[in-house]
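>>> my questions concern the predicted model and sequence given below.
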Amino acid sequence: MSRSLPPPARWLLALAAIAVACAGAPPTSHQAPAAPGRAGVAPPTGNVQDFDYFAGGWKTVQRRLKTRGAAASDWEEFPATLCMTPYLEGAATVDELWFPTKGWSGLTLRTFDREKRQWFIYWVSSRSGVLGSPVIGGFQGDRGEFFGEDEDGGRPVAVRYSWTKLDADHARWEQAFSYDGSSWETNWTADFTRADPASVCDRGRPKRSVSSASG
């Protein structure tokens, strides 16, 4: 039956299957520290429509900390283009983020657990092709927080994604790590401005020839 599905639907189903397998995998013995303020507290809950506003095309300015976990302040800034498509009446979304000055891209898969009322967010980089550990959470009003565990250079970390819906055409995302279980370090931010999908997207993917510079 899957052979009759269009290409985006086929790889969405494949990613979803991988995500389910990863979510059900037993935890490793090398655990990240508990996120500050999250010990014994379930991640925030949300709504299946939380990411409806993010459908379409976006231009974005990315800012990334060059050296993480060292109290550094050496930031780099670069552009990107993002195209997002919702599936399953909003219960799953896929977006691709293209970094033209870096020469690589990333894909985000979000799935909404209707029973738990929580989002599971997975990231895949084109450089590795590996599905990362999920961050879990939801929105309360225009603010969303999502927590998970990962590694950074072999060091266990707690991970926090923060989303802010600024208005209908602007949004902000931040990523922070905790290495010690008692403090957060923000190491990546992105400011999004809505763009015409016809000009920046091609069948749901960023056009590689389009300049992603802000403004």
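Alright, I've got the coordinates.
>>> chain neighbours aside, what residue packs nearest to the spatially most central residue of the chain?
The C-alpha lying nearest the average C-alpha coordinate of the chain belongs to Thr108 (C-alpha atoms, centre = their mean; 5.1 Å). Nearest residue to Thr108, sequence neighbours excluded (C-beta to C-beta, 6 or more residues apart in numbering): Asp95, at 5.0 Å. Every residue, glycine included, has its C-beta placed from N, CA and C.
>>> quick check: the one you found is in a helix.
No - counting by DSSP: H, G, I helix; E, B strand; the rest coil, Asp95 is located in no helix; its state is strand.
>>> so what's it up against?
Phe54, Leu82, Cys83, Met84, Thr85, Leu107, Thr108 (C-beta atoms under 8 Å, 6 or more residues apart in numbering).
>>> and the furthest pair within these?
Phe54 and Leu107 (14.2 Å; C-beta to C-beta).
>>> looking at the contacts of Asp95, which are in strands?
In strands, defined here by DSSP state E, the members of the contacts of Asp95 are Leu82, Cys83, Met84, Thr85, Leu107, Thr108.
>>> so what's Arg114 up against?
Arg114 is in contact with Val48, Ala91, counting by C-beta under 8 Å, 6+ apart.
>>> from Phe54, how far off is it?
Arg114 is 19 Å from Phe54, where distance means C-beta to C-beta, to the nearest Å.
>>> ok, Lys116 next?
21 Å.
>>> of those two, who's got more company?
Taking other C-beta atoms under 10 Å, Lys116 and Phe54 do not tie; Phe54 has more neighbours (20 against 14).
>>> correct me, but Thr65 touches Ala72?
Rather than Thr, residue 65 is Leu. Yes - between Leu65 and Ala72 there is a contact under C-beta atoms under 8 Å: 6.5 Å.
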